[in-house]
Structure formats: structure tokens, C-alpha cells
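>>> return a 3D structure for these sequence lines:
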Amino acid sequence: MRSSTSTAAASDAGGLAALIRQQSADEITQLLADARRHVERIRATAAVEVDGLQAAAQREGQERGRRGAAALLAVAEVQSRLAVLQAREARISEVLLETRNRLAHLDALPNAAANVAGFISDALRVLAPGPVRVLLPESHAALLDDATRRRLAAGRWALRFESAGVPGAGVIVETEDGRLHFDNSIDARLRRHAMQLRQLAAKLLWPADTGALP
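Numbers count the residues shown, from 1 in each chain. A predicted model of the protein is given here:
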């Protein structure tokens with residue numbers, strides 16, 4: 001099961017990488033520019049307040065003013081970093097949502113038949129040989145010819161295909177008695193590999209050589 005899980009993760013990661021690379025580079029550049037402008041506004045506001053503290057220091061004592069200025073600058077630095085991190089997290093979430101929405105139209109993507117067959121094959125690996133139901137959208141079932149269905153069964157499973165609504169596309173495979181069930185829909189796959197996919201999205205959107213915080 002570990003091997004099939006790692007294979008599925010690699011497949012999802014590869015598909016996500018291809019989709020993210022199709023995103024406009026201009027969008028990424030604009031996001032970073034917006035984040036930096038936000039940081040600059042925070043620091044400019046802090047600088048004005050620091051000037052006020054320094055003026056107050058002349059009246060109330062240099063040491064108190066220096067402590068206040070240092071504290072304010074520290075807060076501004078934390079706020080600036082937090083603003084950038086929040087902007088990045090929001091963009092990553094947007095990219096993952098965009099990817100999920102595109103994968104929901106699995107039939108329209110390249111290699112759709114191979115992808116559907118792969119989803120079924122991955123799910124079968126976690127079920128014992130025997131009678132099995134494969135639940136999938138009718139449009140997915142139409143992609144699988146008789147030869148592919150025989151290959152998937154591999155003489156070990158008696159597959160019965162049923163057209164059913166699968167949230168977010170993909171397949172659900174279960175034993176005939178319904179006791180064992182493996183959800184290999186797009187949504188389930190994205191949930192299982194959520195952390196890996198977020199890390200991948202961050203790496204692709206902000207390569208190490210340009211990812212330093214402002």
C-alpha cells in the first residue's frame with residue numbers, strides 16, 4: 001500500500017506541477033510586487049511613528065525613546081513578514097483550488113483514459129482479489145475499452161462498473177458487500193496529499209533563488 005500511495009502522490013504532484021507552470025508568470029510577479037508594496041507601507045508608517053518617538057525622546061529622555069523605537073520597529077518587521085506569508089498562503093490556496101477545479105474536468109485533460117485507469121489500478125491494490133464495484137462517472141466509464149477493463153482485472157478481480165456521481169471526478173472502488181471501500185476521487189487524492197501539494201506549490205511559485213522575504 002505504501003508503494004501505491006507514493007506512486008499516487010508522485011502522480012498528483014506531477015500533474016499539479018504541470019498545471020502550476022501554466023499559470024501566468026505575470027500573476028506571480030504581481031503578487032510579490034503587491035506584497036512588497038504592503039510591506040513598504042507598513043514600514044513607512046512605522047518610520048513616521050518612530051520619528052514621533054524620537055522627538056518625544058528629546059523631551060522625556062533618550063533611553064525611553066530608543067526602547068520605544070526599537071519595540072515599534074520589531075513589531076513592524078513581524079507585521080511585514082506576516083503580511084508576505086499570508087499573501088503566499090492565500091496564493092497557494094488559490095492555485096490548489098484552481099487545480100482542483102481543472103482536475104474536476106478530468107475527461108477533458110490529456111491522457112484522460114490512462115488517468116482513469118491509473119486511479120482504478122491504484123485503488124485495486126489495496127483491496128483483496130474478488131468481486132469489486134467500480135463507481136465512476138459515465139463519462140469516465142466511456143473512456144475504458146474492453147481490453148483496458150480486462151487488464152485492470154488482471155484475472156484477480158471481477159470488476160463491475162457502475163455509473164455514479166463521484167465528487168470532483170475520479171473513482172471509488174469497493175468490495176461487493178460494501179465492507180471495504182477506497183475513495184480515489186480527485187478530492188480524496190488532494191486531501192491525502194495536501195501537505196505535499198502545498199509544499200510543491202510553494203516551491204514552484206517561489207523558487208529558492210527568489211523566495212527571500214522582503
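>>> could you say which helix or strand holds residue 115?
helix 112-124 (DSSP states H and E).
>>> doesn't residue 127 lie inside a strand?
No: per DSSP: H, G, I helix; E, B strand; the rest coil, residue 127 lies outside any strand segment and is coil.
>>> ramachandran coordinates for it?
Main-chain dihedrals, residue 127, degrees, to the nearest 10: phi -110, psi 140.
>>> okay, now it: neighbour count?
By other C-beta atoms under 10 Å, 16 other residues sit near residue 127. For glycine as for every other residue, the C-beta is placed from the backbone atoms N, C-alpha and C.
>>> give the contact list for the nearest residue to it once chain neighbours are set aside.
Nearest non-adjacent residue to residue 127, counting by C-beta to C-beta, 6 or more residues apart in numbering: residue 180, 5.7 Å away. Contacts for residue 180 (C-beta atoms under 8 Å, 6 or more residues apart in numbering) come out as 127, 128, 174.
>>> with pLDDT added, can I get those residues in JSON lines?
Listed next are the contacts of residue 180 as JSON lines, based on pLDDT from 0 to 100:
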{"residue": "127", "pLDDT": "90"}
{"residue": "128", "pLDDT": "89"}
{"residue": "174", "pLDDT": "93"}
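>>> show me which of those residues is closest to residue 147.
residue 127 (21.7 Å; C-beta to C-beta).
>>> need the distance between the two termini of stretch 168-188.
9 Å (C-alpha to C-alpha, to the nearest Å).
>>> whoops, I mixed them up, stretch 173-184
Using C-alpha to C-alpha, the two ends of stretch 173-184 sit 7 Å apart.
>>> for stretch 147-158, what is the average pLDDT?
In this model, stretch 147-158 has a mean pLDDT of 93.
>>> next: stretch 195-214.
Taken as a whole, stretch 195-214 has an average pLDDT of 68.
>>> average pLDDT for the lengthiest helix in the chain?
Secondary structure of the chain per DSSP state H: the longest helix is helix 62-103. Averaged across helix 62-103, pLDDT comes to 76.
>>> what helices and strands are in contact with that helix?
For helix 62-103, the packing partners by 3 or more C-beta pairs under 8 Å, 6 or more residues apart in numbering; DSSP states H and E come out as helix 2-21, helix 25-60, helix 186-192, helix 194-205.
>>> can you flag the weakest of those helices by average pLDDT?
Mean pLDDT, when computed for each of the helices and strands packed on helix 62-103, is lowest for helix 2-21, at a mean of 50.
>>> pretty sure residue 120 sits against residue 152.
Yes: between residue 120 and residue 152 there is a contact under C-beta atoms under 8 Å: 5.4 Å.
>>> report the contact partners of residue 120.
134, 136, 152, 171, 173, 184.
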